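Engineer: Quick check, what structure comes out for this input:
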Amino acid sequence: MKSTTGLPFLLRVGMEVAFVPPVTDLPRRARVSGITGATDTTARVLFEGIEDMSQAKALVGCHCLVRSELLDLESPAIGALSWIGLRVVDERFGDLGEVSDVLENPGQMLLEVVSSDRKSPLLIPLVDEFIVSADPFDARIVVSVPEGLLNL
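Structural biologist: Presented below is the predicted three-dimensional model:
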């Protein structure tokens with residue numbers, strides 16, 4: 001499993017999750033029974049009622065929803081890692097605007113940046129080569145994008 005864009009891995013043993021979209025012939029809900037190999041954003045998760053690898057593979061691509069009251073939404077880890085609303089500043093070109101969304105595409109994730117200077121949002125690939133630093137406490141992300149990207 002991997003965490004939602006911009007958030008740390010939040011599942012814990014004992015949490016009940018709902019699989020979305022539901023998969024035919026599998027439980028729509030399950031309880032987390034084990035977590036191994038956890039990093040900041042990924043882990044191997046075992047669910048009660050998911051008995052074999054074929055069932056687990058059928059869930060690939062599903063989202064696991066958790067009741068918000070089970071999460072510590074005041075946690076600095078959750079608030080600090082949300083990039084929506086942060087200012088985006090390029091090292092050469094200056095202020096580019098504000099992150100309005102983090103888009104998860106099959107090829108790569110993108111920062112959607114809106115600005116009153118542009119008619120359409122700027123999409124910045126969320127790759128190490130472009131992100132210089134991100135400081136949620138300073139409410140800004142510093143990037144270094146190729147000049148041609150701003151002309152798209």
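Engineer: hey, which helix or strand in the protein has the poorest pLDDT?
Structural biologist: Here the helix or strand of the chain ranked lowest by mean pLDDT, DSSP states H and E is helix 76-81, holding a mean of 43.
Engineer: Okay, now the sheet partners of the following helix or strand past it, with direction.
Structural biologist: Going down the chain from helix 76-81, the next helix or strand is strand 87-90, by DSSP states H and E. Paired neighbours of strand 87-90 in the sheet (DSSP bridges): strand 94-104 (antiparallel), strand 140-143 (parallel).
Engineer: Can you tell me what sits against the last one?
Structural biologist: In other words, strand 140-143. Residues outside strand 140-143 that contact it (C-beta atoms under 8 Å, 6 or more residues apart in numbering) are 83, 86-91, 96, 99, 111, 124, 130-135. Any C-beta I mention is one placed from the backbone N, CA and C, and that applies to glycine too.
Engineer: Quick check on the residue with the largest distance to the centre of the chain: phi, psi?
Structural biologist: The centre of the chain is farthest from one residue, residue 25, which by C-alpha atoms, centre = their mean lies 28.3 Å away. The phi/psi pair for residue 25 (degrees, to the nearest 10) reads phi 70, psi 20.
Engineer: Need the per-residue pLDDT for it.
Structural biologist: Looking at residue 25, its pLDDT is 91.
Engineer: What distance do you get for it to residue 98?
Structural biologist: 44 Å (C-beta to C-beta, to the nearest Å).
Engineer: tell me the pLDDT at residue 144?
Structural biologist: On the pLDDT scale, residue 144 gets 92.
Engineer: my bad, should have said residue 82
Structural biologist: Residue 82 carries a pLDDT value of 66.
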